[in-house]
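K.L.:
build me a model:
(3 chains)
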Amino acid sequence: MKRGKFALLITLFVMIFFYLPVVIVAINSFNSARFGGEWKSFTLIWYSKLFADKNIWSAFMNSLLIALSSAVLSMILGSVAAFALEKYKSRFQTIHRMLLFSPLVVPDILIGMSLLIFFVAVKIQLGLMTVFLAHVTFSISYVAMVVLARLQDFDSSLYEAALDLGAGRFNAMRLVVIPLVFPGILAGGIMAFTLSIDDFVITFFVSGAGAATLPGYIYSMMKHGFPAVINSLSVLFVIATFCLVLMSRKFLVKQ
Amino acid sequence: MDFLIFENISKSYGSNKVIDNLSIAVQKGEIFSLLGPSGCGKTTLLRIAAGFEEPDSGRVILDGQDITNLPPNKRKLNTVFQNYALFPHLTVRDNIAFGLKVSGYNKDKINDEVERYLDLIQMTDHASKKPAKLSGGQKQRVAIARALINKPDVLLLDEPLAALDLKLRQRMLVDLDWMHDEVGITFLYVTHDQSEAMSISDTIAVMNKGRIEQKGTSVEVYEAPRTSFVAAFIGDTNFFDGEVKSIDGDYCLLSVESFPDIRVYNDKAVKPGGKVYLSIRPEKIGISHNKPADEKINLLKGKVEEIIYLGSHTKYWISVNGFRISVIAVHNTFMLDIKEISFNDEVYIYWSLDSCYMLEQYKEEDEALLTLPDDEILDQETV
Amino acid sequence: MKFSNNPKKINELLSSFPSFIWLVILFVIPIGVIFAIAFRAADPYGGIGDEWTLSTIKELFNPVYPAIFWRTIYLSLISTFIAILLALPVGYYIARTGKRMREIFLVLVIVPFWTNFLIRIIAWKVLLHPDGFIKKILVALSLADPNSILLYRPETVLIVLIYSHLPFAILPIYAAAEKFDFSLIEAARDLGANRFQAFRKVFIPGISSGIVAAFIVVLIPSLGSYVIPELVGGASVEMIGSKIAQRSFVDRNLPHASALSALLMLAVFIPLLFAALWQRKAALTGKAK
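P.N.:
Residues are numbered from 1 along each chain as shown, chains lettered A, B, ... in the order given. Have a look, this model is predicted:
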């Protein structure tokens, strides 16, 4: 078999492997039978039940609130950090870089656990605030990574040209660097938003009540049987993610 | 008048000394070129003038004012970058207007000036385009206009034509020259291309390893090179070395190993016994089957080893007692009627006593700059 | 990139401090606290006791644990290995494909990567449910007994681990493959290698930094898996992560959970060290990054 064909086959297999479960769930979300064993009839009832469930709405609002706020703060902190890493090459920055990228290699459960112990030890009340703090903590690294990649591709002679033409440092940043780097910053923000909305493990550890966010609520639903509403919720989630990914890739396209 | 002065500039990166105690002055209104190979420090010197690098020691003085410690945006200098550095998110018009905008001029004045310069570079029809939609030559013109509109005291050009193809480069050179005459601004021009430098400059400074080897007009630098580097870097040449045997008025006689004695104009006032290095450019050497009658020449006999026909001229490699000498013969008559010089012919080569030039300094490593044929293979020559 | 030649030290500190301070307070210190609390005893109300003690550490020698540790390690290693094995041809294929298809494939890979992983696990629970789709097919093909349960087995956890982490393996391998000079493979073929040999001897070493990145990015989350063994593994397929969660929330024994976490941290450190040493060796021997 030609190498090219073999690779293509594996790729297709992997794509099917990825999407089969999702497709099944999608089909099920319209299936009036509770499990995908057989098809009973087409129905939208699982969607209407979804929109009627108040608990889901409040969990969703919490998730949204935390995702937006943590995305904004981590966008700022991560971008500033990326600028520092790119501009200054000192030993301090080496430590800074190590620190910035360590959370990426620590499993969620350890981050969650350590924050839980920390909050308990310093007697901070667990709740939306602790979830917010936790989300910013792991998002900074991702935003910094995305913005740093964008900065490294940035043509430094553009900044010099701005200075050369009479712009002070602040104006040069404002009129030339930021407009060109901003799409990268935005892409980082979208990533932070998605990470926050999706996060379960860390949130589970630091949210105290355990069901404050949407993933948390889904989990608790799952532990108590399997309401079919989960299927329709999942479908909407995937669609929303799809849109976010497309948006973000638009921002990452090089000029 | 000395308008832009570099005074005792030195700059090192780590252990690498890029500029070595360099002092030079650019006259007001002239086109001054820094010519040299990559790594010689010319771009660094330009960046020091612009304010992007700080010299380790020395001063930069512009129009009487010490600007060494001024940041780039406060200097009355503007740069045309090698890769143009046009702002990709702004239109041609906004790019050109940028310098005036950040300096706070009023809108109407800016618009008028921008239209003027758009017209100067003939880009009025493209004013609303973004740089990505422009060709190399167009980007170049926009970059120049963007710089010139600020009426800098000196325009700094960093290899502005390096990214363009040959024909375009030749056209842009003419444009640049014309623009210089139009606006009357001093140009400091950095390049590694000798034909660019020679054709456009009022003054050339040849740089090598952080130092200026020679400064002068194009003719001075070509005809009277001070060092073997200048002789070999610009154009092509042959090197001889010899010992002064005797002096006869304005000329001296040199004994050269394996060659008959050579007579040369003694402008360096050498004494008998002194060692002399000579440079003689191939186009100054005549070649013929017949012995020339003139007495006031240096005459050698040799064998034709290689012939490269280039249309307007032919380059010959002549072997004289085991040494190779390059000769260029320009064809200013119809060639098909003339008995050609062929391989292995025995020929006379000769040059007038004033045509070879004494070097002040010779380094053997500079011979590497000349393109010499290997024993079996001959490199393609572009003269 | 050089902005200006004289960055004031103050500016550097000012721009680094926000992220630096944040991470020190909310990342470094908490991790330190984990190690510290491992030396405290649990207080009866589910909090942290007031005295330093080694009793918590002693509890780690519980005979239940070795099996769990071992299972965590081998499940993680096997799933990482299989994930990389699958990711290699996929990364290769996408890197060689034309621009337009490439974008489509990348979006197709990234969407699962960004989709909430709970939902992806839920999808598997649905698929593997006793009355679910896969079971019906397997029974129809006579590959499974109608009474068998597909869930709650080590194999299930393995499959879902691979499923969850495969995008993380594909992306770094793809990134390295994208930078790879494929004419090297043509050169190898020209010198007589067959396709498989060229793949093994030229492509794989060429993208080795991507493979190492994939290894880390799949192995470490796998070691810390909690939700997967809990939802599709059940009681018989416990991993360290599920035990940590159990100790924290069910037994309310935070110091014990802390000690377990510290242990996991050390276990995670080993592959990281290996990867870092490998990178250094690769840099010294001049291999392409």
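K.L.:
what's the domain layout of chain A?
P.N.:
Using automatic domain parsing, the domain ranges for chain A come out as A:1-43, A:54-252.
K.L.:
from B:Gly286, how far off is A:Ser70?
P.N.:
Distance, A:Ser70 to B:Gly286, by C-beta to C-beta, to the nearest Å: 84 Å. The C-beta positions use only the backbone N, C-alpha and C, and glycine is treated the same way.
K.L.:
out of the two, which sits in the busier spot?
P.N.:
A:Ser70 (26 against 18; other C-beta atoms under 10 Å in any protein chain shown).
K.L.:
ok, that one - contacts?
P.N.:
Contacts of A:Ser70 were listed using C-beta atoms under 8 Å, 6 or more residues apart in numbering or on different chains, and they are A:132, A:135-136, A:139, A:192, A:196.
K.L.:
and which of those is nearest to chain C?
P.N.:
Closest to chain C out of the contacts of A:Ser70 is A:Val136 (7.2 Å), distances taken as C-beta to the nearest C-beta.
K.L.:
tell me which helix or strand the closest one sits in.
P.N.:
Assigned by DSSP states H and E, A:Val136 belongs to helix A:128-152.
K.L.:
so what secondary structure elements neighbour the helix or strand following that helix?
P.N.:
The C-terminal neighbour of helix A:128-152 among helices and strands, as given by DSSP H and E, is helix A:156-164. The contact analysis (3 or more C-beta pairs under 8 Å, 6 or more residues apart in numbering or on different chains; DSSP states H and E) places helix A:156-164 against helix A:169-172, strand B:77-80.
K.L.:
where exactly do the helices run in chain A?
P.N.:
For chain A, the helices defined by DSSP state H occupy A:3-29, A:45-52, A:54-87, A:91-101, A:108-121, A:128-152, A:156-164, A:169-172, A:178-198, A:201-206, A:214-223, A:229-252.
K.L.:
so, low pLDDT: which residues of the chain?
P.N.:
Answering for chain A, as no chain was given. By pLDDT under 70, the low-scoring segments of chain A are A:1-4, A:33-38, A:209-211, A:253-255.
K.L.:
nope, chain C please
P.N.:
C:1-8, C:44-50, C:130-133, C:144, C:146-148, C:286-289.
K.L.:
looking at it, which helix is longest?
P.N.:
From DSSP H, the single longest helix across chain C is helix C:64-96.
K.L.:
is any residue of that one near chain A?
P.N.:
Yes - contact of helix C:64-96 with chain A (C-beta under 8 Å from any C-beta of the partner chain) involves C:86, C:89-90, C:92-94, C:96.
K.L.:
that helix vs helix A:3-29, what angle?
P.N.:
Inter-element angle recorded for helix C:64-96 and helix A:3-29: 120 degrees (by axes from the mean of the first three to the mean of the last three C-alpha atoms, to 10 degrees).
K.L.:
counting contacts, what elements does helix C:64-96 pack onto?
P.N.:
helix A:3-29, helix C:99-114, helix C:154-179, helix C:208-223, helix C:240-245, helix C:254-284.
K.L.:
make JSON lines from those helices and add mean neighbour count and distance to chain B to it.
P.N.:
Output for the helices and strands packed on helix C:64-96, formatted as JSON lines (neighbours: other C-beta atoms under 10 Å in any protein chain shown; distance: least, C-beta to the nearest C-beta, whole Å):
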{"stretch": "helix A:3-29", "mean neighbour count": "18", "distance to chain B": "33"}
{"stretch": "helix C:99-114", "mean neighbour count": "16", "distance to chain B": "17"}
{"stretch": "helix C:154-179", "mean neighbour count": "22", "distance to chain B": "23"}
{"stretch": "helix C:208-223", "mean neighbour count": "23", "distance to chain B": "28"}
{"stretch": "helix C:240-245", "mean neighbour count": "25", "distance to chain B": "47"}
{"stretch": "helix C:254-284", "mean neighbour count": "18", "distance to chain B": "20"}
